[in-house]
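Q: Got a predicted structure plus its sequence, pasted below:
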Amino acid sequence: MEVVSDSTNQVPAQAELEKHEPETDKTKFDNLGEQRVSLLDNLILNTHKAGMKDLDAGKINEIIQKASEGSLFYQHKQQAQLRLDAKIAEMKSAIDGFTTDQVAAAHKQMERQRMVLSEERDLSRTIVHIDMDMFYAAVEMRDNPKLRDVAMAVGSMSMLSTSNYAARKFGVRAAMPGFIALKLCPELVLVSPNFDKYKAVSKIMGQVLVRYDAHYVMMSLDEAYLDITEHMAANSDAYQHSALPGDTLPERVVAQIREDICQATQLTASAGIAANTRLAKVCSDLNKPDGQYYLPANVDTIMAFVNSLSIRKINGIGNVMEQQLGALGITSCGDVMPHIGLISLVFSEASSSYMLNISLGLGCTDVAAMGAGDRKSMSSETTFAGTSSKQQLFDILTSQCQQLHKELLQANIRGKLITIKIKRVDFVIKSRSLSLGQSTQELQVIVSVSKKLLCQEMEKYSQDNPLTLRLIGVRMSSLCDMANNNKDQQLSITELFAKAAGGEQTHETHSSSDTQQSCGAGLHSTKHTTANNFLCPVCNTLIQTKFLSTFNKHIDSCLGINSKENVTSDLLKETSTSYATDGGTVNSSKVPNVAAANDSEVGYCFSNTSDQYNSDHSIGGDTEYDISSSNASKTTTITVVNNVCNSLAEDNATCDDSTTSSSSSTRCNVISTDDCNSCVNYNTDTCFSNSSVSTSNAGRKDNVSNTNSNSNNNKQISSSSNTKSSANCNTDTTTDDCASKSGGLKEVVMLCPVCCSVEFWCETELNRHLDECLSVEHIRAAKSQAQQQTTMQQKRKQNNNAGTSNGKRHKPPINNTITKYFSGI
DNA sequence: GGGGGAAGGACTC
DNA sequence: CCTAGGAGTCCTTCCCCC
């Protein structure tokens, strides 16, 4: 394909630059104040996009306004605009309060900074910004000739990702809802995005770019920066005698790059060439499509270019900043310096410095450094039809957690900060986050924390006016790369339990590639040791204690079962240690034992959840775990170890409150759990066949709780299809779990720390459920180890003729806690 | 007062 | 008739704690 370099100018003429300035930019504001921008101007026609010029803006806006007005989205935007207007009014009021001397002093200060920055200007690099033209649409048009001559867009009725130039003539643009686009252009062809295809093209694009700069950086699928300085130096002779368009070496090189991209992908790209990334980015937009723009690395040329450039053209200046600056009389980069004193008084230091850099046309000159930064977060979110159904919301949340978990595993990273993002139906976005003491990628942890956060938010709403959402997302941040942080390996839930059982797992794993696999294997190769480091599966706190009962109590505390004071007391009596995070590394010796008793450390303790939402749905009950694929063969099908051996006959005492949706009913089938602990081979089908089991979860596919094909096989639980997984409470009536029968409901919601998908209001049922979540083998092993340990302890006790090392007398756990398995039976 | 966590917001493609 | 994304980064503000 012939590459046309249609922008071989040396110095951009003012007229030429202005042709890229949408008229609205200049007319939106009067000097210092009279803001004439309307909400619709911001909502509707974004003429900054290539191909969006010379449109009948009036007609387009009218159509969009008609389609938008009255909608919740529009109302939300209106409110946001009102807030911004108020903020701008406040800002102008503050400006009025500044004295001339204040402004002058601020200006002088910024002038000094300007001098310093000017002297540091680096014009030695030749930076290129490559931007594929209407990328998604172009790929689709390439692959489907029928789309080439029609107005088309990639996206859905809800949202468009991009549109071709034929569609842009109608005002159809990216980030526009499809239904509005169809009103603008009824013939518009909507194509669903195919990201795999786009990624493949992007990869090919990268293969071209790497030939010119090994350190090129992809900013998105269709955008990249590269530094061609070295390439030019090494190949100047070859380009000098080439027939490539362009008068200068940079132009010829970039023409060659674009031609290579075109040959490799059959797609066109536009490019900007400048002394830094910021300017290169601006330049790449000037001659779209299929063009390039070269801004020579000359101070005068750069300043002439920048001074006439619309402020909105700068990457980082969006609608809000544009309006704020407009109120100061700043519409072009050239307007910045005269107002820099005011800017420094009104905006933050970072913003002022940023504006100063813009006014000088400065930017990043180190492309490699741009790509060197590790990612900061990973998230998954989804938009859905607004709902207030708690079951649906929790199901969606669980699904997003699973997606995030999957991606964390793929990237082999984990993090400490879990944030949920919710968008209400009125488009108000909120986020709630919780920082963990230790980094994790465990699905169970992500789910439990996320649910807790969502739960807390739900509690703020009344039943009459419940939280109604249209979007849920989960984000993991404060990331660390497991491949580079082997010392900071997190323990999986199963490892925790193995550890808790008194064994110190071999944990030999730690190559980045097989970490997960080894984590699972570690359990099988548990060694018998005398180590007593217990990592609480609920709060992730490492508890070093000689006594399982103490650890039991800690977990009870985390689950809201026992009073924390008791645990604190017990722990403080021991010479145990907790952990401190030191750069993410578990340190069992640094910090005195306070973490376990510290409220703030208990990251995900499900207590006092007054809004007991799961009575009829069993949270996560419809979660679809993948058992059909690679994991199926690894699934450990277990016969549920359950405590229903001889008590079903007593179900005449059942206090099944049914599975109605009216919240907090605790359903108690009278079964003595304690009596059943020795039974390890009961079949769930049999055991539950006669019980009044809630079937609310009958369709649940919780056979497998882990989609990670090579990890934590131990966690993959396959139970019979009618496994109880809802909050049916088969419990001993002598426990206060059944207080609900008489209306004395415990305000404690316990979440299974293994699968996190079920909640309970009675400990016994949680205990029962844990039987299901842990395979028989592991329980046996745990029991066996714990028994051996207990036996050894007893022998030591006998030999020493003493109680315990600290004189504290140990009682067997009174409650049926989840640590029963490790309690020495 | 500084540091850090939490929440919100702006901006990008 | 309804229907306005997803993922990521960075910055600011507020608040609490030391």
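A: Yes, it's here. Numbers count the residues shown, from 1 in each chain, chains lettered A, B, ... in the order given.
Q: Enumerate the residues of chain A near DNA strand C.
A: Taking C-beta under 7 Å from any atom of the strand as the criterion, the neighbours of DNA strand C within chain A are A:43, A:64, A:67-68, A:71, A:73-74, A:157-159, A:161, A:174-180, A:347-351, A:373, A:375-383, A:403, A:407, A:470-471, A:473, A:475, A:477. Backbone N, C-alpha and C define where each C-beta goes, glycine included.
Q: Can you flag which of the residues you listed belong to helices?
A: Residues from those lying in helices, with DSSP state H as the criterion: A:43, A:64, A:67-68, A:73-74, A:178-180, A:349-351, A:403, A:407.
Q: Just the buried ones out of those residues, please.
A: With neighbours counted using 16 or more other C-beta atoms under 10 Å, these contain these buried positions: A:43, A:64, A:67, A:68, A:74, A:178, A:180, A:403.
Q: what does the model give residue A:66 for pLDDT?
A: Here, the pLDDT recorded for residue A:66 equals 85.
Q: Hmm, I typed the wrong one, I wanted residue A:655.
A: Turning to residue A:655, the model gives it a pLDDT of 28.
Q: before we move on, what about the one 5 residues further on?
A: Per-residue confidence (pLDDT) for residue A:660: 28.
Q: So what does residue A:387 have for phi and psi?
A: phi -150, psi 150 (degrees, to the nearest 10).
Q: List the contacts of the nearest residue to residue A:475 once chain neighbours are set aside.
A: Nearest in space to residue A:475, with sequence neighbours left out and distances taken as C-beta to C-beta, 6 or more residues apart in numbering, is residue A:379 at 3.6 Å. With contact set as C-beta atoms under 8 Å, 6 or more residues apart in numbering, residue A:379 has these partners: A:404, A:419, A:421, A:473, A:474, A:475, A:476.
Q: I'd like those as CSV, with neighbour count, distance to DNA strand B and pLDDT appended.
A: Compiled in CSV, the contacts of residue A:379 are given as follows (neighbours: other C-beta atoms under 10 Å; distance: C-beta to the nearest atom of the strand, whole Å; pLDDT from 0 to 100):
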residue, neighbour count, distance to DNA strand B, pLDDT
A:404, 25, 17, 92
A:419, 21, 7, 94
A:421, 18, 8, 94
A:473, 22, 12, 93
A:474, 28, 13, 94
A:475, 20, 10, 93
A:476, 27, 12, 92
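Q: picking that back up, among the ones in helices among the residues of chain A next to DNA strand C, which are within reach of DNA strand B?
A: Counting by C-beta under 7 Å from any atom of the strand, nothing from these sits close to DNA strand B.
Q: contacting residues around residue A:75?
A: When contacts are counted by C-beta under 8 Å, 6+ apart, residue A:75 is found next to residue A:426.
Q: likewise residue A:266?
A: Per C-beta under 8 Å, 6+ apart, neighbours of residue A:266: residue A:142.
Q: Next, it: phi, psi?
A: phi 60, psi 30.
Q: what's the pLDDT at it?
A: 96.
Q: Show me what from chain A comes close to DNA strand B.
A: By C-beta under 7 Å from any atom of the strand, the residues of chain A that approach DNA strand B are A:80, A:83-84, A:175, A:219-223, A:281, A:314-322, A:417, A:419, A:428-435.
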